[in-house]
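Participant: Show me how the following folds:
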Amino acid sequence: MAPRLEAPDRPWMETDLRAIPRDNHRYEIIDGALHVSAPLDDDHRRLVEHVAGDLRTAVPPGWTVTSGVGLHAGASYLTPDVTVLLPGTPKGGTWVESADVALVVEVECPSSRRFDRCVKPGLYADAGIDAFWRIERTSNGPVAHLYARAAVGHYDLHRSVNPGECVTAELPYAVQVAPATWPMPSSSGAASPRPAASRDD
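Facilitator: Below is the predicted model:
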């Protein structure tokens with residue numbers, strides 16, 4: 001029988017995450033509360049690899065593109081799909097501070113869609129991270145929604161990049177965003193396609 005996860009009688013902390021057995025679920029702390037996401041599917045992993053690879057092809061000297069590294073932001077401990085670190089960020093740690101982060105990328109999946117659209121952007125903006133990308137999986141292919149921080153707790157949608165389009169994003173540095181070069185979904189987790197929009201309402 002798998003060991004039972006015991007909740008502490010206080011807000012969850014980073015030390016509590018260390019005690020959780022590795023079982024392929026994603027465990028994050030949001031404002032002191034534990035959030036558990038289902039294991040990521042192969043579509044998700046492939047898409048994360050392609051987005052991170054594109055960011056690495058254009059990364060300036062001294063910057064770092066990584067995936068699976070924890071992000072500490074106030075009372076929250078999050079695990080973005082892709083993180084771009086500013087020059088001078090210490091290497092090799094389990095967690096990075098939000099002040100060292102230039103961009104976070106979240107790839108939607110069925111178990112995380114609401115958090116990726118509503119909860120995490122507010123946390124990232126509160127933490128002072130300048131750029132946020134949300135990758136939406138649709139039956140026509142991925143759609144990249146590119147955001148820039150406008151104020152505390154708020155991002156403005158700069159633009160959405162649909163399948164077949166190729167644009168140059170300026171934040172956190174100049175990099176081509178071409179969703180048509182990313183893998184198509186092979187499972188039923190993709191949402192229905194949405195038309196291009198100038199804002200993500």
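Participant: can we go C-alpha only for contacts and neighbour counts from here?
Facilitator: OK.
Participant: Contacts for the longest helix seen in the chain, please.
Facilitator: The longest helix of the chain (DSSP state H) is helix 42-57. Contacts to helix 42-57, defined as C-alpha atoms under 8 Å, 6 or more residues apart in numbering, come from residues 64-67, 81-82, 107-109, 175-177, 182-187.
Participant: Among those, which lie within strands?
Facilitator: Thr64, Val65, Thr66, Val82, Val107, Val175, Gln176, Val177 (DSSP state E).
Participant: which of those residues sit farthest apart?
Facilitator: By the measure C-alpha to C-alpha, Thr64 and Val107 form the most distant pair in the ones in strands among the contacts of helix 42-57, at 18.9 Å.
Participant: So which of these two has more stuff around it?
Facilitator: Legend: neighbour count by other C-alpha atoms under 10 Å for Thr64 and Val107, higher for Val107 (23 against 19).
Participant: separation between that one and Tyr124?
Facilitator: Per C-alpha to C-alpha, to the nearest Å, Val107 is found 15 Å from Tyr124.
Participant: for Glu106, same thing?
Facilitator: 11 Å.
Participant: List the neighbouring strands of the top strand by length along the chain plus their orientation.
Facilitator: If you go by DSSP E, the chain has its longest strand at strand 141-151. Take DSSP bridges as the rule and strand 141-151 pairs in its sheet with strand 131-138 (antiparallel), strand 154-161 (antiparallel).
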